[in-house]
Every structure is written in C-alpha cells, then in structure tokens.
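>>> Let me see the structure of the following:
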Amino acid sequence: MKKIFIAVCFCFLALTGTAQNKTIDSLKNLLPQTTKPIDRFRLIEKILENLNSFSGNADSTLAIELLKIAQQQNDAALLASSYNWIGIYFALAKGDNTTALEYYFKALPLAKKTNEKRRISSIYFDMALVYLYLLNTEGMLKFNQLGRDNLPEKTHPLYDYMLVQYQRGMSTYFLLKNQPDSALHYAQALMETSKRAKSLLFEYAALHLSGTAFAAKAEKELAEIYFNKALVLTDFITSNSAIWRFELGYIPYLLNENRLLESKTQANRLLSLGNQYNNNNLKLAGAGFMRQVFDAANNKDSAYYFSRMEADINARIFSQDNNNKIQALAFNEQIRSIEEEAKQANAEQQRKQNIQFALLGFGIISFVILFLLLSRRIITNTKVIQFLGIVALLVVFEFLNLLLHPFLERVTHHSPVLMLLALVCIAALLVPLHHRLEKWATAKLVEKNKQIRLAAAKKTIQQLEDKQNN
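Numbers count the residues shown, from 1 in each chain. Okay, the predicted model is just below:
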C-alpha cells in the first residue's frame, strides 16, 4: 500500500512540476516580445515569483535586469522590488547573509515610501530567513512579526503566498524554542494555507515541520509518517533553502533514532549541495551533521576533519566584521525609521496647519465678497470682485491640493506625471464653477450698484423738491 501511495505521489508531483516549468518557460518566451520597460519589469517579476514559488531560488541575471529598468524609470516601488530580488539571490543561492541583508535594508525604505504592503511584508520575511541562517532566533521572530503586521489585504492575489511565509517562520521559531505544540499549530495552519496557495514548496515545509514537532513530542509513529511524506517530495524540491530547513529537523531525528547510515546520506547530500552552489549556509549545516554522524559512530579522525571544516565555515559566516556590519545595518535602519517617523509627523502637522490657513483665508475672502455684495451703502467696482474671486479660486485649489495630496501619492505611487494630471483634472472642475460664481457675483454687484445709485438719485431729487417747497 505504501509503495502504491509513493508511486501515485511521484506521478502527481511529476505532473505538477512539469506544469510549473511550462508556466515559467512560457513566461520566458514572452520576454523577447516585450519591449516596454514597465511591462517587461512586471513580466520578469512574474517569472521570478513563479521560480521562487517552485524552487525557492532567484535568477541573478533577471534580478539585475529588474534593477536596470527600475533605475531608468527612477521609480521607488520598482527599485524596492529589484533590491528585494537581488537580496533573495544572495541569501538563497549564494548563502551570503551579510550582502543579502544589505540589499534588504536598501529595499525597505523604498517599499515603505510607496506603502506597498506586499513588498514590505516580503522584505521582512526574507530578513527573518537570514536571521534564521545566522541562528538569531529573536531577530528572526522580530522580522517575522513585522512581516505579519504588513501583510497585504486578504483580497490581494498574493495574500496566501505571504501568509504561508509567516506561518512557516512561526512554526520554525517555536521548534527552535522547544515548544512543539505551538510549532504544530502553525504547521497545520501552514498546510491549509499552502493548499489554497497551491504551493508545493510550502506543503513540503508543513510536512517536515509537523514531523519535527511530533518528534519533539516523542510521538515517533506520527513523526515517521510526516517525514516519509516529506521525503516523497524531496526529489522534486530544488530550493536549497527548503532542503536546508528539512534537514535541520530530519537529520537530528535520524541521529536520535541511531539511524547513522541514513543520517550520513542526508548530511552528505546537504554538504554536496553547499559545495555545488558554494553556499556557506548549506556547507556549515552539512559539515556539522557529518561531524555528529562520525562522533556517534566513534570515528574520531573523520569527526575531527569535519569539526575543522565546520569551524572554518563558521568563522567565515560569523566573523566579527560580518557581525559588526549586520549590527550596523540593523542600527542604521532603526535610526532611519525613527527619523522618518519624526519627519512624517512634522510634515503631517505642517499639512494640518496649512489646511487651517487655507480654510481661514477662504473664509475671510468669502466674507469680504459677501459683504460687498450684500452691503446697501458701498458701491464696488466689478474688478475688485473679479480679483477677490481669482484669489478665492487659488485658495480653494491649494486647500484641495493639501487635503488630497496623501491620497494622490498612494494612488499614483508618487508618479509626478500622474500627480500633475490629477491636479489638472481638479483645476478643470474648479475653473468652470469659478466662472459661474463670478458671473453670478458680477450680476448681483451690478444690480446692487444700480439700486444704490437709484436710491441716491431719489434722495437727491427729494431734497431738491423739499427746498423748492420751502
């Protein structure tokens, strides 16, 4: 029965993998035909998203092309996406944690500037993964929760794809903290979400995280079931990061069960992948597990060899220079966030004051115009009304500009051309209204002036008649 299940899974996964590859290939075939910069950028993004969803990796050539287009367009949202993908490449393909964080921290303020939740959450989740590589569990938790706080709306097409990253991160965190019940809760939620998202990569994560949680709970039979299901998927997973996560739970389980030959096979696979892709994160984990295998087998020479290898790689990853650079990046981002928040608070306060001044100015001008129109004693030149009307129009336009500016920035993504078009449309609505009001006010003013002059003439005639009668 087990063999039949495995055979069915292999057939299903082969079809799924083929379909995914066809999607990526069909998207790549569209690239030569796509010349418009923005369209080409979105197409490359889609290719990278499919590639990352399927294999968990990123293509450096495509990521660099994204950056070139973004710089040409000088667009903050495009630059944020570009730096994010370059960071993913360094983190997942090369295992260069420091460089990956450097690009993530470059992407973050640009993503915040455009308030694009999908991109902000993505950067935070990617940062959390780097801190997991660095074995900094509290840093991982911090950025994973920041990713959750910035999830896009549930109606967003990539909402589930972002949610699974949060659930995977929380399950991993609780396993590292030896809290298997909490880890299992998130792993089961991850399984449900990954099925909705139709992501083989995250289903794989849910299976091996569940296996690790059951192993920690000493429920060997359930752990074995979930690990075996994950093993069926392993041959179809091309993501180095996903395999690293799997082995992080599976090899300790095998060692605990004294299954040294299987442990050695899995550890050797991890080390081979690390050497193949020159990925320090994979090499470090592989060397560490190989040392544990030979220690358990009482093979001192081999254990010493891999111990030296582990120490050498460990020194490269956790060197003082790298640690200082990572701390400086995090500190600089903290300072930048504080300064940006203060700047935004001041700008918001200034905007509120400007709105109040505009309303006050409009109120005063409106009062003067109404006073001149309704006064029964003062004769006013129509040019005065026209001048005051133009001033009132400018004040109203400035008031609407101040009021709608934040909304227009969000809608247009800070595009100067679109912002200008929006303001032109507002002016196009205001000008005809101003002309009608001006025409009405002028007519009222002429009528009022006539009445004042007529009243003055009648008074003069009456005084002359009174003098004649006297």
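
>>> When you work out contacts or count neighbours from here on, use the C-alpha atoms and nothing else.
Noted.

>>> A70: which element?
A70 belongs to helix 60-73 when elements are defined using DSSP states H and E.

>>> Could you chop this structure up by domain?
1-151, 347-469 (automatic domain parsing).

>>> A422 sits in which helix or strand?
helix 416-469.

>>> Next: N258.
Going by DSSP H and E, N258 is not in any helix or strand.

>>> So for the closest residue in space to L176 that isn't next to it in sequence, what's the pLDDT?
Distances taken as CA to CA, 6 or more residues apart in numbering put T137 closest to L176, at 7.5 Å, once the chain neighbours are dropped. In this prediction, T137 carries a pLDDT score of 94.

>>> try Q327
65.

>>> which outside residues touch the helix or strand where Y186 lies?
Counting by DSSP H and E, the element that carries Y186 is helix 180-197. With CA atoms under 8 Å, 6 or more residues apart in numbering as the test, helix 180-197 has contacts from 160-161, 163-164, 167-168, 170-175, 200, 202-203, 206-207, 209-210, 213-214, 216-217.

>>> Which of these fall within helices?
Of the positions in these, 160-161, 163-164, 167-168, 170-175, 200, 202-203, 206-207, 209-210, 213-214, 216 sit in helices, assigned by DSSP state H.

>>> And P252, how far from T155?
P252 sits 40 Å away from T155, taking CA to CA, to the nearest Å as the criterion.

>>> likewise L201?
Distance from L201 to T155, by CA to CA: 22 Å.

>>> Between these two, point out the one with more neighbours.
Taking neighbours as other CA atoms under 10 Å, L201 and T155 compare with L201 leading, 22 against 8.

>>> just for the stretch 1-150 of the chain, where's the confidence low?
Along the stretch 1-150 of the chain, the parts satisfying pLDDT under 70 run over 1-22, 53-57.

>>> Show me the helices in it, by range?
All helices of the stretch 1-150 of the chain, identified by DSSP state H, counting those that start in this stretch, fall at 2-30, 37-55, 60-73, 76-88, 97-114, 117-133, 137-149.

>>> Buried deepest among these, which one?
Counting by mean count of other CA atoms under 10 Å, helix 76-88 has the highest mean neighbour count of the helices of the stretch 1-150 of the chain, with a mean of 26.

>>> Not counting its own residues, what contacts that one?
57-58, 60, 63-64, 66-67, 70-71, 99-104, 106-111, 113-114, 116, 119, 123, 126, 413.

>>> okay, the angle between that helix and helix 117-133?
Computed by axes from the mean of the first three to the mean of the last three CA atoms, to 10 degrees, the angle separating helix 76-88 from helix 117-133 equals 20 degrees.

>>> Now do helix 76-88: distance to the chain's middle.
10 Å (CA atoms, centre = their mean, to the nearest Å).

>>> now do stretch 67-81
So, by CA atoms, centre = their mean, the centroid of stretch 67-81 is 15 Å from its chain's centroid.

>>> first to last residue in it, what's the distance?
First-to-last residue span, stretch 67-81, CA to CA: 8 Å.

>>> so M162 sits right up against S122, yeah?
Yes: taking CA atoms under 8 Å as the definition, M162 is a contact partner of S122 at 6.9 Å.

>>> low-scoring pLDDT stretches of the stretch 151-300 of the chain, where are they?
The low-confidence ranges in the stretch 151-300 of the chain, as defined by pLDDT under 70, are absent entirely.

>>> run the last query once more with 90
The stretch 151-300 of the chain contains residues with pLDDT under 90 at 158, 161, 197-201, 233-242, 273-281.

>>> measure the closest residue to F318 other than its chain neighbours to A107 for me?
Of all residues beyond its chain neighbours, the one nearest F318 is L134 (7.7 Å), with distances taken as CA to CA, 6+ apart. Noted for L134: a distance of 20 Å to A107, by CA to CA.

>>> cool, A230 as well?
With CA to CA as the criterion, A230 and A107 are 34 Å apart.

>>> Could you check how many residues crowd around A422?
By other CA under 10 Å, neighbour count at A422 equals 16.

>>> Between the two ends of stretch 131-140, how far is it?
5 Å.
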